[in-house]
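Student: task: produce atomic coordinates for the following.
(chains A, B, C and D)
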4 protein chains.
Amino acid sequence: MLSEILKKETEPMIEAIYTDAFIQGLVHGDIDDDAVMHYLRADALYLEEFAKLYAMLMSKTDSKETVRFMMGQMTFLLDGESEAHAVLARAVNRPYEDIIENGEWYPSADHYIKHMYFNACTREDIAYAISAMAPCPYVYRRLGQMAMERNTFAADHPYRKWFEFYANDMNDTVDVMFSIIDDAVMHMAEKEVDVLKKNYVESTEHERRFFNMAATKERWDGVGINV
Amino acid sequence: MLSEILKKETEPMIEAIYTDAFIQGLVHGDIDDDAVMHYLRADALYLEEFAKLYAMLMSKTDSKETVRFMMGQMTFLLDGESEAHAVLARAVNRPYEDIIENGEWYPSADHYIKHMYFNACTREDIAYAISAMAPCPYVYRRLGQMAMERNTFAADHPYRKWFEFYANDMNDTVDVMFSIIDDAVMHMAEKEVDVLKKNYVESTEHERRFFNMAATKERWDGVGINV
Amino acid sequence: MLSEILKKETEPMIEAIYTDAFIQGLVHGDIDDDAVMHYLRADALYLEEFAKLYAMLMSKTDSKETVRFMMGQMTFLLDGESEAHAVLARAVNRPYEDIIENGEWYPSADHYIKHMYFNACTREDIAYAISAMAPCPYVYRRLGQMAMERNTFAADHPYRKWFEFYANDMNDTVDVMFSIIDDAVMHMAEKEVDVLKKNYVESTEHERRFFNMAATKERWDGVGINV
Amino acid sequence: MLSEILKKETEPMIEAIYTDAFIQGLVHGDIDDDAVMHYLRADALYLEEFAKLYAMLMSKTDSKETVRFMMGQMTFLLDGESEAHAVLARAVNRPYEDIIENGEWYPSADHYIKHMYFNACTREDIAYAISAMAPCPYVYRRLGQMAMERNTFAADHPYRKWFEFYANDMNDTVDVMFSIIDDAVMHMAEKEVDVLKKNYVESTEHERRFFNMAATKERWDGVGINV
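Tutor: I've put the predicted structure just below:
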């Protein structure tokens, strides 16, 4: 099944994300507060678009089961400050709403979001957008699992619950998304399947870029421009 | 407020719907079973699209309140066989699922559905689609109210509960939709408001055509064509 | 080929259009001027949307040949007052621009236009919209041919040139559209082909409704409503 | 006028592009052939999407003047191998078609393309997409002008005609685009104008990233992944 191949082949990319500065900073608890806040600012906005993308896809599917799944995801996303975000806000000791107040789509987040929209807007089959969205829950789950397996976090480790959240929480989401992809593949031409693969691999790289964006507090160059 | 004007000015159109064959057939309990079944076949499909339209609109709004409202509506629509539809199925004494099995978008339903989609697909402001959708709950509520006020239905009247359902059930839906319209008007140019008005009045006429479609068991002319 | 079946099976519908009041009124030269003007008002707006639909489809195809064809069609449509429309304006002895000044999408035109948009907006494969658009040039060509074959028009017959225009002018357009449909069928599932068929047959009926709209000077019921 | 502010404030960004490796490599005629070919591979695909974006926007405007302008641009883009691309292909001494054969949307080109699509797909007013597209012709014109003003190219300088092409060729395009933006601003709220500004400044940065992509032969990390 394509989903198994995608998981297996992108594992080295997830390993690289785990090794990069942001996740290592969380693991060791020595991450720069500004990096955490940069991440939260971008991720809060990213998740708002993720919810809108689910809505767009719901309007394109005839499967009531898929609609019900996406409604559940949207309800979850609408609640906004997830437990995972709350952990990070507590770790930097500032109110979540204050932190995210002036967020924007920094370059790497912007690219990722527009990658998902491109597939949702220009494609009729929802599998295209789903293949660009699935790495989000999958990569987070794997990062959570890797961190929990490879470390013994002290009870008061500031980011322990962040890893726990993702290690435990997303099984259903990941499975439903992958089954949409695997079902689509069955009636697709090879050239179309190649787009799904490319979407998925690119989004896995977007996950890496997103965390690096936070670690480097990436901004647009034009940010100081007075227009 | 525009919503009050729309309600007042379309009242004669709703009065005409009330007087037409379909609603009178329900009031007098002597409607042709085939007309009721034609209505159910078309309405089941119409409501599926209504749910998809809500999904499309959710992807276009930044108002979490609007999204929450539409999620509630979608949940209601996804449940499928509403109480109102169940009343009609019982009246004609056939299982609902059997009745709706071979439905299609008959001409008047097709026009109505594509009117709503046109506004949802080609317009960024959701008020355009909402102005094409609002007559649905509003006309039904008024028809329910008119029927309950003007008649004393026997306890075993086959369509009494259909009227009761709509007389009582849709207050919130109607109010939220009209408030979206009234809010939009405040920042719109006159030419844009004219489109909202036209959408609303046309959809009220679509409601009339939809019931007449059922009364006449309207079909496409090309239905017997062997392509 | 599907295109041959579509042409053959819709021939009785075109025969019916030929026999209806509008075309017979043109053939006998005794059509009501108001019907001709109602037609022009609606058709001028219909063709503007036809051009926009071509633009939308150009953004969805990778075939440069198809894009070139559609660019040619758009150039033709942008010129606005075609020879065919000019013939009608001369026959009713009023300036074309004056005639079309207050046109709108009367109900049957509105339905036809939104049928084409629905397919262009909600479908990725342009064959869906093309199957809803192709009856326009094909029906006009057949009507032109029927009229020229079955009548000997005097040199000064007011509508002779209208029939001549369509009898001679649209061969390429029709052929390219049908070849897009026939090509699409080759990689489509039966259920998808059924949608193409239904789109085509419905649009042939929309052609009939459009001419009848003109003959009866059809308006929206809500037209007098003061909103 | 906004257009004048945009031009003035992004001038340092264009100066930076001029100073970066790619343009300096062209100026000094010592650019790596592979960088030129990487650029051509990406730009050929970028321009195909640029043409599709024009088509999409044509379907969204009521201005025949804008449609005519965009039709002209599309005709130009459809011709494919522009004189500018031909200059680069000759400089690296390989047939253009061979060079571009295996192009793809490398990361920076991908981001730029999806930035334009996001604005074209999710926005009704074409000024949003135009504000994301206008930096393309403007930046190239400025780079052409800077190079011609600051250097005396020998008659046989391999890239001289590339600079000449852009220094001379794009005046109309730029002017029409900026007038669409300036017209839109007149009826827009400040928050909406801010999006136009942001789109424009980001696309100017995308121009810089695009040239750097070529200079570094940027690829997706996942390119070697065997899915």
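
Student: so which residues on chain A come close to chain B?
Tutor: Taking Cβ under 8 Å from any Cβ of the partner chain as the criterion, chain A approaches chain B at residues A:51-53, A:55-56, A:58-60, A:64, A:67-68, A:71, A:74-75, A:78. (Each C-beta comes from the backbone N, C-alpha and C, glycine too.)

Student: let's see which of the residues you listed end up in helices.
Tutor: Cross-referencing these against helices under DSSP state H gives A:51-53, A:55-56, A:58, A:64, A:67-68, A:71, A:74-75, A:78.

Student: relative to B:Thr152, which of these is nearest.
Tutor: Taking Cβ to Cβ as the measure, B:Thr152 sits nearest to A:Lys64 out of these, at 39.8 Å.

Student: what about the closest residue to that closest one other than its chain neighbours, neighbour count?
Tutor: Counting by Cβ to Cβ, 6 or more residues apart in numbering or on different chains, B:Leu78 is the residue found nearest to A:Lys64 once chain neighbours are left out, at 6.1 Å. For B:Leu78, the count of nearby residues is 14 (other Cβ atoms under 10 Å in any protein chain shown).

Student: contacting residues around the helix or strand A:Leu88 falls within?
Tutor: Using DSSP states H and E, A:Leu88 maps to helix A:83-91. Contacts to helix A:83-91, defined as Cβ atoms under 8 Å, 6 or more residues apart in numbering or on different chains, come from residues A:36, A:39-40, A:43-44, A:81, A:95-96, A:99, A:158-159, A:161-162, A:165-166.

Student: so which bits of chain A are right by chain D?
Tutor: When proximity is defined as Cβ under 8 Å from any Cβ, chain A approaches chain D at A:2, A:5-6, A:9-10, A:13, A:107, A:110-111, A:113-115, A:117-118, A:121-122, A:197, A:200-202, A:204-205, A:208, A:220-222, A:225-227.

Student: give me the neighbour count for A:Val195.
Tutor: A:Val195 - counted by other Cβ under 10 Å - has 17 other residues nearby.

Student: in chain A, which residue sits nearest chain C?
Tutor: Residue of chain A nearest chain C, by Cβ to the nearest Cβ: A:Glu124 (3.8 Å).

Student: helix, strand or coil for the residue nearest the centre of chain A?
Tutor: Among the residues of chain A, the one closest to the centroid is A:Cys136, at 3.0 Å (Cα atoms, centre = their mean). Using DSSP: H, G, I helix; E, B strand; the rest coil, the structure places A:Cys136 in helix.

Student: pLDDT score for it?
Tutor: Looking at A:Cys136, its pLDDT stands at 97.

Student: who's in contact with it?
Tutor: A:Phe50, A:Ser203, A:Glu207 are the contacts of A:Cys136 under Cβ under 8 Å, 6+ apart.

Student: separation between it and A:Val201?
Tutor: 14 Å (Cβ to Cβ, to the nearest Å).

Student: of the residues of chain A next to chain B, which is the most crowded?
Tutor: A:Met58 leads these on contacts (other Cβ under 10 Å) with 27 neighbours.

Student: C:Asn93 versus that one, what's the distance?
Tutor: Using Cβ to Cβ, A:Met58 is found at 55 Å from C:Asn93.

Student: before we move on, what about A:Ala86?
Tutor: With Cβ to Cβ as the criterion, A:Ala86 and C:Asn93 are 77 Å apart.

Student: between those two, tell me which one has more neighbours.
Tutor: A:Ala86 (14 against 8).

Student: got JSON lines for the ones in helices among the residues of chain A next to chain B, with pLDDT too?
Tutor: Below are those laid out as JSON lines (pLDDT from 0 to 100):
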{"residue": "A:Ala51", "pLDDT": "96"}
{"residue": "A:Lys52", "pLDDT": "97"}
{"residue": "A:Leu53", "pLDDT": "98"}
{"residue": "A:Ala55", "pLDDT": "98"}
{"residue": "A:Met56", "pLDDT": "98"}
{"residue": "A:Met58", "pLDDT": "97"}
{"residue": "A:Lys64", "pLDDT": "93"}
{"residue": "A:Val67", "pLDDT": "96"}
{"residue": "A:Arg68", "pLDDT": "94"}
{"residue": "A:Met71", "pLDDT": "95"}
{"residue": "A:Met74", "pLDDT": "94"}
{"residue": "A:Thr75", "pLDDT": "91"}
{"residue": "A:Leu78", "pLDDT": "86"}
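
Student: can you add distance to C:Thr173 and give those back as TSV?
Tutor: Putting these into TSV (distance: Cβ to Cβ, whole Å) gives the following:
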residue	distance to C:Thr173
A:Ala51	44
A:Lys52	39
A:Leu53	38
A:Ala55	38
A:Met56	34
A:Met58	38
A:Lys64	41
A:Val67	40
A:Arg68	45
A:Met71	45
A:Met74	45
A:Thr75	50
A:Leu78	49
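
Student: nearest to B:Ala147 among those?
Tutor: Minimum separation from B:Ala147 among those (Cβ to Cβ) is found for A:Lys64, which lies at 31.8 Å.

Student: so that closest one touches B:Asp79, yeah?
Tutor: No. Applying Cβ atoms under 8 Å as the test, A:Lys64 and B:Asp79 come out as separate, 10.0 Å apart.

Student: the closest residue to A:Ala51 other than its chain neighbours: neighbouring residues, count only.
Tutor: Distances taken as Cβ to Cβ, 6+ apart place A:Leu77 nearest to A:Ala51, at 4.0 Å, with adjacent residues excluded. By other Cβ under 10 Å, 17 other residues sit near A:Leu77.

Student: could you pull up the residues touching A:Leu77?
Tutor: When contacts are counted by Cβ under 8 Å, 6+ apart, A:Leu77 touches A:Leu47, A:Glu48, A:Phe50, A:Ala51, A:Tyr54.

Student: would you list every one of the helices in chain A?
Tutor: With DSSP H, the ranges of helices along chain A come out as A:2-19, A:21-27, A:33-58, A:64-78, A:83-91, A:96-99, A:107-122, A:127-133, A:135-150, A:160-169, A:171-185, A:190-215.

Student: any chance of those in JSON lines, with distance to C:Ile23 too?
Tutor: Output for these, formatted as JSON lines (distance: least, Cβ to Cβ, whole Å):
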{"stretch": "helix A:2-19", "distance to C:Ile23": "55"}
{"stretch": "helix A:21-27", "distance to C:Ile23": "72"}
{"stretch": "helix A:33-58", "distance to C:Ile23": "44"}
{"stretch": "helix A:64-78", "distance to C:Ile23": "46"}
{"stretch": "helix A:83-91", "distance to C:Ile23": "67"}
{"stretch": "helix A:96-99", "distance to C:Ile23": "68"}
{"stretch": "helix A:107-122", "distance to C:Ile23": "41"}
{"stretch": "helix A:127-133", "distance to C:Ile23": "46"}
{"stretch": "helix A:135-150", "distance to C:Ile23": "59"}
{"stretch": "helix A:160-169", "distance to C:Ile23": "67"}
{"stretch": "helix A:171-185", "distance to C:Ile23": "47"}
{"stretch": "helix A:190-215", "distance to C:Ile23": "45"}
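
Student: nearest to C:Ala215, of the ones you listed?
Tutor: So among these, helix A:107-122 is nearest, using Cβ to Cβ, at 41.4 Å.

Student: so how far is that closest one from its chain's centroid?
Tutor: Centre-to-centre, helix A:107-122 and its host chain are 12 Å apart (Cα atoms, centre = their mean, to the nearest Å).

Student: state the mean pLDDT of that helix.
Tutor: Here the average pLDDT along helix A:107-122 is 98.

Student: and that helix, anywhere near chain C?
Tutor: Yes. Helix A:107-122 comes into contact with chain C (Cβ under 8 Å from any Cβ), by way of A:Thr122.

Student: now do that helix against helix A:190-215, angle only.
Tutor: On the basis of axes from the mean of the first three to the mean of the last three Cα atoms, to 10 degrees, helix A:107-122 is oriented at 150 degrees to helix A:190-215.

Student: right, I'll leave it there.
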